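Student: The sequence and its predicted three-dimensional model are supplied below.
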Amino acid sequence: MHEFPTYHRRRPHNLHPMRRLLGPVPATFTAAIVLFTLLRVVFFIMFHPPLISSHDLLRAFYLGLKFDARLAALLIIPMLLMRRRSTLIAYVVVALTFVLTLYAADFGTYAYIHQRLNAGVLEFLRNPIISWHMVWESYHVVWLILAIAAISVMAGFSTGRFKNRPP
């Protein structure tokens, strides 16, 4: 009679050796793509053109998804080098705050001059006091700052909790 070999169950940390190396990187990458895509959908809902074919819309979202994946990858790569939990959390909070601030500026720029954020916006910095007053009076700056801070802190908290979880 032929016996089949028996396989012993391995402990969870031996099943996925890459998980210990990667830590929160895959989950953070996925969360970043979801967040950036959600922001793209919100931008489309707020500023969509009146007539657009479904083919053009799908192509635009496909290209946007590719851009979002590249941006998420660029933000995630430095995380592979970080081993200390506090450094990792600080990086996630600072990087996400920076990216969300750029997204908020992009939304505001498009709402004001119907152009995406580009180097031409630097012209507004010639007189920063007047530009700041215009921004303060035209947009909900306090709510934007609170939203960006809340999202960044939640991401940092989630990264810290993920880093503490056993593999």
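Tutor: Done, it's in. Just so it is clear, the model here is predicted, and its values are computed rather than measured.
Student: Helix or strand for the residue nearest to residue 90 when sequence neighbours are not counted, just tell me which one.
Tutor: Nearest residue to residue 90, sequence neighbours excluded (C-beta to C-beta, 6 or more residues apart in numbering): residue 156, at 7.6 Å. The C-beta positions use only the backbone N, C-alpha and C, and glycine is treated the same way. Per DSSP states H and E: residue 156 is located in helix 141-164.
Student: Sort out which residues of the helix or strand containing residue 103 are buried, please.
Tutor: Following DSSP H and E, one finds residue 103 within helix 85-113. Buried residues in helix 85-113, counting neighbours by 16 or more other C-beta atoms under 10 Å, are found at 88-89, 91-93, 95-97, 99-100, 103-104, 106-109.
Student: From residue 159, how far out is the residue nearest the centre of the chain?
Tutor: Closest to where the C-alpha atoms of the chain average out (C-alpha atoms, centre = their mean) is residue 32, at 3.6 Å. Using C-beta to C-beta, to the nearest Å, we find residue 32 at a distance of 11 Å from residue 159.
Student: Likewise for residue 45?
Tutor: Plainly put, residue 45 is 29 Å away from residue 159 if you go by C-beta to C-beta.
Student: The two: who's more crowded?
Tutor: residue 159 (25 against 8; other C-beta atoms under 10 Å).
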